[in-house]
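Colleague: What follows is a predicted structure for the sequence shown.
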Amino acid sequence: MPTPHPRPYHAGSLFGDGPRRPLDREQRARFKFLLTAHYRSRHITPKGEKVGAALLKRLSVDGRCDPSHQTIADDAGCDERTVRRALDAMKAIGLVMWQRRIVRDGWRTSQTSNAYLLAPIAVANPPKIHARCCGGQIVRETRSISFISTSASPQDVEAARNALAARRAAIEGRLLNKGRTLAETGTPGHDRA
């Protein structure tokens with residue numbers, strides 16, 4: 001019985017160049033917009049946005065994009081592990097796909113790099129991906145509140161409306177008072193005591 005190779009290549013790997021998809025100017029702009037939108041909605045990290053920009057920078061006119069993780073890391077100013085995490089996050093939301101590329105070296109095969117496809121499409125409901133934090137990093141998470149739909153009594157609704165009306169009157173009173181104070185002094189931003 002033959003012993004398995006200690007590092008077999010992955011199923012689905014491809015000999016050769018790999019798939020290519022050229023992007024025109026509009027598709028490149030859309031990809032940049034999607035990168036920024038996913039960064040702002042916290043689906044990818046700030047370094048993830050830089051990794052996406054580095055991939056876009058390395059995309060050639062004929063659609064070839066096969067930089068190594070080290071090249072992407074150098075362009076984005078981060079570590080190779082950060083590149084791998086960012087690529088996984090972008091793959092999960094549908095921004096990047098890739099195909100493993102391998103070459104024969106005698107009787108062995110080795111992976112050269114991945115052939116990346118930058119997809120200017122977006123998944124309808126991207127999964128929530130939380131960026132891993134290192135030991136000393138302080139991360140604040142927003143707590144989600146689940147509201148249970150209950151029917152309120154008419155007395156509760158009336159009490160809430162009265163409370164909102166009282167709050168509105170108090171705020172309007174303060175604003176009117178502030179306007180009078182500014183008109184009396186003649187200088188904006190300074191109240192007389």
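Modeller: Ah, there it is.

Colleague: Okay, the one residue sitting closest to the centre of the chain and Trp107: tell me how far apart.
Modeller: Nearest residue to the geometric centre of the chain (CA atoms, centre = their mean): Ile44, 2.4 Å. Distance check for Ile44 against Trp107: by CB to CB, to the nearest Å, it reads 40 Å. C-beta: built from backbone N, CA, C; applies to glycine.

Colleague: any weak-confidence spans in this protein?
Modeller: 1-14, 16, 120-151, 182-183, 186-193 (pLDDT under 70).

Colleague: any chance you could map the strands in the protein?
Modeller: 14-15, 96-105, 108-118 (DSSP state E).

Colleague: deepest of those, which one?
Modeller: strand 108-118 (a mean of 18; mean count of other CB atoms under 10 Å).

Colleague: Quick one: list the elements packing against that one.
Modeller: Using 3 or more CB pairs under 8 Å, 6 or more residues apart in numbering; DSSP states H and E as the contact test, the elements touching strand 108-118 are helix 46-58, strand 96-105.

Colleague: Excluding residues flanking it in the chain, which one is nearest Gln70?
Modeller: Glu80 (6.0 Å; CB to CB, 6 or more residues apart in numbering).

Colleague: what's the domain layout of the chain?
Modeller: As assigned by automatic domain parsing, the chain contains the domains 14-118, 150-193.

Colleague: Arg21 touches Gly63, doesn't it?
Modeller: Yes: taking CB atoms under 8 Å as the definition, Arg21 is a contact partner of Gly63 at 4.8 Å.

Colleague: Would you map the helices across the protein?
Modeller: Taking DSSP state H to define them, one finds helices in the chain at 25-40, 46-58, 69-76, 80-92, 154-185.

Colleague: quick one, which of the ones you listed is nearest to Asp17?
Modeller: helix 46-58 (14.7 Å; CB to CB).

Colleague: what distance separates stretch 56-67 from the middle of the whole chain?
Modeller: 21 Å (CA atoms, centre = their mean, to the nearest Å).

Colleague: now swap in stretch 158-167 and tell me
Modeller: With CA atoms, centre = their mean, you get 40 Å for stretch 158-167.

Colleague: Ok, stretch 76-89 next?
Modeller: That offset, for stretch 76-89, works out to 13 Å (CA atoms, centre = their mean).

Colleague: Brilliant, that's me finished.
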